[in-house]
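Visitor: no sequence for this one, just the structure:
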């Protein structure tokens with residue numbers, strides 16, 4: 001479920017060729033398994049927090065509740081911005097995948113096509 005929500009498969013597909021070329025088949029097979037386990041652990045922790053502290057605020061709100069009084073504001077601010085940067089990176093990887101796919105199709109149909 002979390003993989004569908006965060007579009008991790010889009011991020012993985014956008015660099016699949018590099019993983020295969022530089023990491024080999026081991027990284028292509030074991031990488032998603034390790035990532036799936038890590039996502040499962042994060043989802044389990046967040047679901048536990050969501051059941052204990054129901055809120056629509058998200059991760060930054062959980063950090064605000066659980067962080068020590070002294071570092072609460074900075075930690076919640078940092079987690080909120082880190083989430084936004086994560087959304088930007090996922091969006092950029094999806095756009096990169098679309099561009100590579102379009103250039104690949106154009107090169108397939110017209111062998112003289114050079115994407116610049």
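Guide: Yep, that arrived. The shown structure was predicted, so the numbers you read here are calculated from the model rather than taken from an experiment. Residues are numbered from 1 along each chain as shown.

Visitor: OK, contacts around the closest residue to residue 76 other than its chain neighbours?
Guide: Leaving aside its sequence neighbours, residue 76 sits nearest to residue 64 (C-beta to C-beta, 6 or more residues apart in numbering; 4.2 Å). Backbone N, C-alpha and C define where each C-beta goes, glycine included. If a contact means C-beta atoms under 8 Å, 6 or more residues apart in numbering, then residue 64 has 57, 72, 75-76 as its contacts.

Visitor: please report which of these has the highest neighbour count.
Guide: residue 76 (20 neighbours; other C-beta atoms under 10 Å).

Visitor: residue ranges with poor pLDDT in the protein?
Guide: 1-14 (pLDDT under 70).

Visitor: let's see 80
Guide: 1-20, 23, 27-28, 32, 56-58, 90, 93-94, 97, 115-116 (pLDDT under 80).

Visitor: how about the helices in it?
Guide: Along the chain, counting by DSSP state H, helices occupy 2-6, 8-14, 16-18, 24-52, 59-66, 72-109.
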